[in-house]
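**Q** Sequence plus predicted model, see below.
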Amino acid sequence: MTQRLATVALGLSLLAASLAHAQDRPIGFLTPSKNIACQFFTDNGQGVLRCDIMNLETRPRRPADCELEWGNAFEMSAKGSAGRICVGDTIMDPSLQVLSYGEVWQRAGFTCRSEPTGLTCFNAMQRGFSLARAEQKVF
């Protein structure tokens, strides 16, 4: 009986460790070109989507109040506006799944569509961004 309980306890601890590891994995995707990565986060109970584009043909002028990197990171909340953000990191992660051209990714009110011409993401308020090497638009 003691051996059986030890086996059950070991099985439960392995299951808990496996679930904890699964929760550590980033939630998001890469475009097929691997030039754009997006990740979903929860901030104070609200969903946030951030997308980074690695290679741009032109980079916009950095605002005076941004002392970090500017131009390649975009963020939006589930019910708010979207925009470029000033960041000192990247969410690029090669372990993210690839969102093939023509496919749609949805989570917590966000929708993203991958196309050969770029990526378009928007929230439930129809606010979002379109990202491509040649041009990035916030709407």
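**A** Yep, it's here.

**Q** residues contacting the residue most central in space within the chain?
**A** Taking CA atoms, centre = their mean, the centroid of the chain lies closest to residue 39, which sits 1.3 Å from it. Residues near residue 39 by CB atoms under 8 Å, 6 or more residues apart in numbering: 26-28, 49-51, 91, 93, 96. No exception for glycine: its C-beta is placed from N, CA and C like everyone else's.

**Q** try residue 73
**A** 50-52, 84-87, 90-91 are the contacts of residue 73 under CB under 8 Å, 6+ apart.

**Q** What is the nearest of these to residue 106?
**A** residue 51 (14.5 Å; CB to CB).

**Q** my guess is residue 79 contacts residue 110, does it?
**A** No: applying CB atoms under 8 Å, one finds residue 79 not in contact with residue 110, separated by 10.7 Å.

**Q** neighbour-wise, which of those two wins?
**A** Applying other CB atoms under 10 Å to residue 79 and residue 110 shows that residue 110 carries more neighbours, namely 20 against 12.
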